[in-house]
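# no sequence for this one, just the structure:
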């Protein structure tokens, strides 16, 4: 099976712009989660989608949003970018049957905000 | 408030010896724990997990021990190999409302010297 695929791999944006990141989960996985990794805060949970519905959400401002399509692919959007949004954004998928299952991560999108 | 802590930012061991990585948690609701290995600019790779109903889980060279009363877990790698050099993250999950949500520690950088 192919792993979790994230595009693009690298992205450079300027403050105030918006950005959309894409994630294709492992075939058959219905849950997609997003994480942000920064040197200062580490890996932090953004949100989780299952069957096109947001099922869980972390403590991030409303500028961070996401959605999931019927084929389980997911997108994450960040509006009005700030310098502090520079980070590695990771997508993870699982079968979504419940908590306690392991997450499989993609390679991430490295976002730089100038 | 850091609910999962890895107090050792780095660890250096000789090839062939045992590597022991430690992790402490504060939230007694956590009941599933995972270890991930990560290389720079890549996503975390799942290594091994343990449910709170167990105190030990083995998979090849990797063994995870869980001490619930001390809220402590550890990952043992025996024997350590140079290819094990990476950042290791401890993660925790708990509660059916926390699907897709892992709480990560800050990571421990393991260096295995040939």
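That came through fine. The structure displayed is predicted, hence computed values, not measured ones.
# contacts, neighbours, all on C-alpha from now
Noted.
# ok, residue A:75 touching residue A:68?
Yes: contact criterion CA atoms under 8 Å: residue A:75 and residue A:68 qualify, at 6.5 Å.
# is chain B contacted by stretch A:32-45?
Yes: Stretch A:32-45 is in contact with chain B by CA under 8 Å from any CA of the partner chain, via A:32-33, A:41-45.
# can you check stretch A:63-70 too?
No: using CA under 8 Å from any CA, stretch A:63-70 stays clear of chain B, with a minimum separation of 14.1 Å.
# contacts for that stretch?
A:32, A:46-47, A:49-54, A:74-80 (CA atoms under 8 Å, 6 or more residues apart in numbering or on different chains).
# from the middle of its chain, how far away would it be?
9 Å (CA atoms, centre = their mean, to the nearest Å).
# kindly report the same for stretch A:12-20.
With CA atoms, centre = their mean, you get 16 Å for stretch A:12-20.
# can that stretch be said to contact chain B?
No: Stretch A:12-20 lies out of reach of chain B by CA under 8 Å from any CA, never closer than 15.2 Å.
# buried set for that stretch?
Across stretch A:12-20, burial judged by 16 or more other CA atoms under 10 Å in any protein chain shown covers A:13, A:19.
# do me a favour and average the pLDDT over that stretch.
Across stretch A:12-20, the average pLDDT comes to 97.
# what about chain A, any weak spots by pLDDT?
A:1, A:96-100 (pLDDT under 70).
# which bits of chain B sit near chain A?
B:32, B:34, B:41-46, B:49, B:51, B:93-106.
# quick one: buried ones out of those residues?
The buried subset of the residues of chain B next to chain A - by 16+ other CA under 10 Å - is B:32, B:34, B:42-46, B:49, B:51, B:93-94, B:98-106.
# who are the contact partners of the residue nearest in space to the middle of chain A?
Nearest to the mean C-alpha position of chain A, by CA atoms, centre = their mean, lies residue A:34 at 3.1 Å. Listed by CA under 8 Å, 6+ apart, the contact set of residue A:34 reads A:45-48, A:76, A:89-92.
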